[in-house]
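Peer 1: Fold the following, please.
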Amino acid sequence: MRCVDPKFPGLEKYADGFAFQEEWYSLKDFSADDHVLLVQETEGMPDNEYKRPPYPATWARAAGKGRVFYTSMGHREDVWTNPISRTC
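Peer 2: Numbering: from 1, shown residues only. You can find the predicted model right below:
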């Protein structure tokens, strides 16, 4: 996982990125107004859906008068209990 915005609250200590074992979504069709925070590196990942350039995995954006925060991390309990997930 590559950190695109290390100044975003919670990402300061992950400026150099991090490795993470997860069941990744192969996302497509992103909004132009997404503020991308983390990018999923795909090099070396098996399966055809990952044979593509890196893509956004975590972002924030405005939605009406509110804000949306999305991350594709967190499919298993061990992911949510990992210190990285608790910080991001």
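Peer 1: Give me the sheet partners of the longest strand seen in the chain and which way each runs.
Peer 2: Using DSSP state E, we find that the single longest strand of the chain is strand 55-63. Using DSSP bridges, strand 55-63 pairs in its sheet with strand 35-40 (antiparallel), strand 66-71 (antiparallel).
Peer 1: Show me what the next helix or strand after the last one is in contact with.
Peer 2: Right, the one you point to is strand 66-71. Later in the chain than strand 66-71, the nearest helix or strand by DSSP states H and E is helix 77-80. With contact meaning C-beta atoms under 8 Å, 6 or more residues apart in numbering, helix 77-80 is reached by Phe20, Glu22, Met73, Gly74, Ser85, Arg86. Every residue, glycine included, has its C-beta placed from N, CA and C.
Peer 1: May I have the residues that are in contact with the fifth one?
Peer 2: The neighbours of Ser85, taking C-beta under 8 Å, 6+ apart as the test, are Met73, Gly74, Val79.
Peer 1: Just the buried ones out of these, please.
Peer 2: Buried residues within the contacts of Ser85, counting neighbours by 16 or more other C-beta atoms under 10 Å: Met73.
Peer 1: Which residue in the contacts of Ser85 has the weakest pLDDT?
Peer 2: Lowest pLDDT within these is found at Gly74 (73).
Peer 1: which of the contacts of helix 77-80 sit farthest apart?
Peer 2: Within the contacts of helix 77-80, two members stand farthest from each other by C-beta to C-beta: Glu22 and Arg86, at 14.7 Å.
Peer 1: the more surrounded of those two?
Peer 2: Shown here are Glu22 and Arg86; by other C-beta atoms under 10 Å, Glu22 has more neighbours (17 against 9).
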